[in-house]
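Colleague: My questions concern the predicted model and sequence given below.
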Amino acid sequence: SAVISQKPSRDICQRGTSLTIQCQVDSQVTMMFWYRQQPGQSLTLIATANQGSEATYESGFVIDKFPISRPNLTFSTLTVSNMSPEDSSIYLCSVGWGTGRDQPQHFGDGTRLSIL
Amino acid sequence: EDKVVQSPLSLVVHEGDTVTLNCSYEVTNFRSLLWYKQEKKAPTFLFMLTSSGIEKKSGRLSSILDKKELSSILNITATQTGDSAIYLCAPLRSGIQGAQKLVFGQGTRLTINP
């Protein structure tokens, strides 16, 4: 499967600041996604990162809070803006990888974010 | 609204035991069901099940989908301490403009004691 590199792996930030998380894939992929995993919770899809166009956000997530870039088929960024302690979570990028109609998603190592 | 329920939420067994993890789902535009293992941060892909009744196996792990009952099970035989992890069930559904979306269950936390 594709090698997915995500950075930073962890960070501690002050409330009110913003942090940009990067996701780099070693192959061109069509589908890239961003997830959030709050403490003790399962994964929730934030948005689908679309190459060359605006990301598609899930209900409850907005572009002003989580702007996403996807400049090419191997790279995407997620920014967590104006952070508050409620944003403390693990943020994960994933890519669809496979030859079939349905492609399993494979995940990067995640970014553990703590807001003070 | 999509719904994925995994049971049990937590399971503690001894090394060598066999375990069965359950997943039931109610998802519109269902396509496939995926299982993941999460040890630290990143979930690791285990299986993707598309057809009902066909078992998929990988070593000591196996899984099967029942589309009539809207459920799936994950079996682990001869468990080892390295199997300790959270196991996530995630139906794949079609979304807007054909986009694919995973809907994750809350997971089963499996602990294998020596």
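Modeller: Everything's here; your move. Numbering: from 1, shown residues only, chains lettered A, B, ... in the order given.

Colleague: Give me the below-cutoff pLDDT ranges for chain B.
Modeller: B:96-98 (pLDDT under 70).

Colleague: which strands and helices sit next to the helix or strand hosting A:Ser69?
Modeller: Assigned by DSSP states H and E, A:Ser69 falls within strand A:68-72. Where contact means 3 or more C-beta pairs under 8 Å, 6 or more residues apart in numbering or on different chains; DSSP states H and E, strand A:68-72 is packed against strand A:43-49, strand A:75-80. Quick note: C-beta positions are derived from backbone N, CA and C, even for glycine.

Colleague: Read off the pLDDT value for A:Gly100.
Modeller: pLDDT, A:Gly100: 69.

Colleague: Please convert the helices and strands packed on strand A:68-72 to JSON lines, extending it with mean neighbour count and distance to chain B.
Modeller: Shown next, in JSON lines, are the helices and strands packed on strand A:68-72 (neighbours: other C-beta atoms under 10 Å in any protein chain shown; distance: least, C-beta to the nearest C-beta, whole Å):
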{"stretch": "strand A:43-49", "mean neighbour count": "22", "distance to chain B": "4"}
{"stretch": "strand A:75-80", "mean neighbour count": "21", "distance to chain B": "15"}
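
Colleague: so what's the closest residue to chain B within chain A closest to, chain neighbours aside?
Modeller: Closest residue of chain A to chain B, C-beta to the nearest C-beta: A:Gly110 (3.4 Å). Nearest in space to A:Gly110, with sequence neighbours left out and distances taken as C-beta to C-beta, 6 or more residues apart in numbering or on different chains, is B:Lys41 at 3.4 Å.

Colleague: ok, B:Leu34 - how many residues close by?
Modeller: Neighbour count for B:Leu34, taken as other C-beta atoms under 10 Å in any protein chain shown: 23.

Colleague: ok, it to chain A distance?
Modeller: Distance, B:Leu34 to chain A, by C-beta to the nearest C-beta, to the nearest Å: 6 Å.

Colleague: now for the helices and strands packed on strand A:68-72, which one comes closest to B:Asp66?
Modeller: Closest approach to B:Asp66 among the helices and strands packed on strand A:68-72 (C-beta to C-beta): strand A:43-49, 23.6 Å.

Colleague: Residue 35: what's it in contact with?
Modeller: Just so you know, I chose chain A. Residues in contact with A:Tyr35 (C-beta atoms under 8 Å, 6 or more residues apart in numbering or on different chains) are A:Leu43, A:Thr44, A:Leu45, A:Ile46, A:Tyr91, A:Leu92, A:Cys93, A:Ser94, A:Phe107.

Colleague: That was the other one, I meant chain B.
Modeller: With C-beta under 8 Å, 6+ apart, B:Trp35 has these contacts: B:Cys23, B:Leu46, B:Phe47, B:Leu49, B:Ser63, B:Ser72, B:Leu74, B:Tyr87, B:Leu88, B:Cys89, B:Ala90.

Colleague: you'd agree the first one is in a strand?
Modeller: Yes. The assignment for B:Cys23 (DSSP: H, G, I helix; E, B strand; the rest coil) places it in a strand.

Colleague: Test of understanding: give the bridge partners of it.
Modeller: Legend: beta-bridge partners of B:Cys23 under DSSP bridges are B:Gln6, B:Ser72.

Colleague: ok, it - how many residues close by?
Modeller: B:Cys23 has 25 neighbouring residues, counting by other C-beta under 10 Å.

Colleague: now the closest residue to chain A within chain B: how far from A:Arg101?
Modeller: Residue of chain B nearest chain A, by C-beta to the nearest C-beta: B:Lys41 (3.4 Å). Separation of B:Lys41 from A:Arg101 (C-beta to C-beta, to the nearest Å) stands at 29 Å.
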